[in-house]
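Engineer: fold the following, please.
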Amino acid sequence: MYARLRTPPAGKAAAAPGGRGALATITPDTVRAAAAEVRTGRTVTLASPIETAPAPDNPHPAGHRLTSPPEAEAEGAGLHFATDHFGMDVHGDAQSHLDALCHVVYGGTLHGGIPATTVTADGASALSVELARDGIVGRGVLFDIPRLRGVPWLEPGDHVTADDLRAAEDAQRVRVGAGDILLVRVGHRRRRIETGPWDAARARAGLHPEAVEFLAERQVAVLGGDGNNDTAPSPTEGVDFPVHVLAIHALGIHLMDYLQFEDLAPLCEQEGRWSFLCVVAPLRLPAATGSPVNPIAIL
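Structural biologist: Down below sits the predicted model:
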């Protein structure tokens with residue numbers, strides 16, 4: 001069905017051209033309801049550590065250096081400040097990041113039919129990560145697909161289907177609804193820790209594009225994965241990132257790539273619940289196509 005890329009039935013999930021995309025499904029009422037998910041007050045990061053060393057999946061690692069004080073001055077008398085400089089490729093295959101709605105250009109347009117010419121070398125004048133400047137706060141739901149299948153991780157190239165998502169709902173006794181932040185674990189980070197990095201651009205587990213219909217039906221606000229969310233190799237001829245195209249371009253769903261759920265999943269298992277308050281705070285980068293993020297789950 002997806003041999004050629006086909007936009008899923010959007011229904012109520014479709015956003016008006018431009019606007020905030022699927023973030024519009026997050027309302028004061030959904031935020032208040034999400035706050036009620038907090039029971040134990042435990043907090044856990046969903047971000048991978050920022051890496052500064054090259055690896056097969058990270059050929060352009062983040063750069064970090066201390067800019068002051070010089071070593072000769074550090075032990076001297078008086079006041080000194082230690083300061084840093086960071087630089088990173090936001091849309092890499094190792095660092096946790098949020099994709100803005102201007103990140104995907106398809107057929108010469110962005111989400112909502114906005115012309116691709118709004119993205120230039122000077123930045124994006126529409127649909128930048130600034131749409132999320134006030135933060136993304138909602139009910140997070142974690143689907144642990146390796147747990148569902150009884151394996152430690154999905155092997156590169158494997159797909160998470162819509163049937164997998166529905167089966168995870170049943171097995172974990174939780175239902176995804178409008179305005180939720182859906183997090184799908186494929187075990188990418190655990191595999192990377194235990195077997196070492198590999199070229200994830202060529203081979204990785206992710207969602208099958210047909211699974212995006214589930215996101216549309218349930219009016220998901222944000223999708224996050226511990227991989228790229230897209231499978232490689234792509235199952236869609238001529239389109240390398242069909243999930244990105246369908247979720248971001250067609251439905252206006254912000255994506256979070258390369259998170260890690262190895263701290264969260266055991267807590268969910270221990271507490272016997274897979275929903276929680278989730279807080280995502282991207283940097284204020286007014287013309288950027290994405291941002292590093294450190295999402296926090298609060299149980």
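
Engineer: low-confidence bits of the stretch 51-200 of the chain, can you list those?
Structural biologist: For the stretch 51-200 of the chain, applying pLDDT under 70 flags the ranges 71-74, 76.

Engineer: quick one: the helices in it, in order.
Structural biologist: Remark: helices assigned in the stretch 51-200 of the chain by DSSP state H, counting those that start in this stretch are 71-74, 145-149, 162-172, 188-195.

Engineer: out of those, flag the one nearest residue 55.
Structural biologist: Closest of the helices of the stretch 51-200 of the chain to residue 55 is helix 188-195, at 8.9 Å (criterion: Cβ to Cβ). (C-beta placed from N, C-alpha, C; glycine too.)

Engineer: buried ones in the closest one?
Structural biologist: Across helix 188-195, burial judged by 16 or more other Cβ atoms under 10 Å covers 188-192.

Engineer: contact partners of that helix?
Structural biologist: 48, 57, 152-153, 198, 200, 204-205, 225-227, 258-262 (Cβ atoms under 8 Å, 6 or more residues apart in numbering).

Engineer: which strand is the longest one in the chain?
Structural biologist: Identified as the longest strand of the chain according to DSSP state E is strand 136-144.

Engineer: check which helices and strands that one is in contact with.
Structural biologist: In terms of contacts (3 or more Cβ pairs under 8 Å, 6 or more residues apart in numbering; DSSP states H and E), strand 136-144 is packed against helix 28-35, helix 162-172, strand 181-185, helix 264-271, strand 275-280.

Engineer: among these, which comes closest to residue 100?
Structural biologist: Of all these, strand 275-280 sits nearest to residue 100, with 12.5 Å by Cβ to Cβ.

Engineer: run the chain-centre distance for the closest one.
Structural biologist: With Cα atoms, centre = their mean, to the nearest Å as the basis, strand 275-280 stands 13 Å off its chain's centre.

Engineer: again, but for stretch 227-244
Structural biologist: For stretch 227-244, the gap between its own C-alpha mean and the chain's C-alpha mean amounts to 15 Å (Cα atoms, centre = their mean).

Engineer: mean confidence for that stretch?
Structural biologist: For stretch 227-244, the per-residue pLDDT values average out at 97.

Engineer: dump it to PDB, restricted to CA.
Structural biologist: C-alpha atoms of stretch 227-244 as PDB (Å, rounded to 0.1, in the frame of the first residue of the first chain):
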ATOM      1  CA  GLY A 227      16.000   5.500  16.900                       C
ATOM      2  CA  ASN A 228      15.200   7.700  13.900                       C
ATOM      3  CA  ASN A 229      11.500   6.700  13.900                       C
ATOM      4  CA  ASP A 230      12.000   5.700  10.300                       C
ATOM      5  CA  THR A 231      13.300   2.200   9.300                       C
ATOM      6  CA  ALA A 232      16.300   1.800   7.100                       C
ATOM      7  CA  PRO A 233      16.300   0.600   4.400                       C
ATOM      8  CA  SER A 234      13.100   2.400   3.600                       C
ATOM      9  CA  PRO A 235      10.100   0.200   2.600                       C
ATOM     10  CA  THR A 236       8.800   3.000   0.400                       C
ATOM     11  CA  GLU A 237      10.300   3.200  -3.100                       C
ATOM     12  CA  GLY A 238      12.000   6.600  -3.800                       C
ATOM     13  CA  VAL A 239      11.400   8.000  -0.300                       C
ATOM     14  CA  ASP A 240      14.100   7.400   2.300                       C
ATOM     15  CA  PHE A 241      12.100   8.800   5.300                       C
ATOM     16  CA  PRO A 242       8.400   8.100   4.700                       C
ATOM     17  CA  VAL A 243       7.500   8.300   8.400                       C
ATOM     18  CA  HIS A 244       9.100  11.800   8.600                       C
END
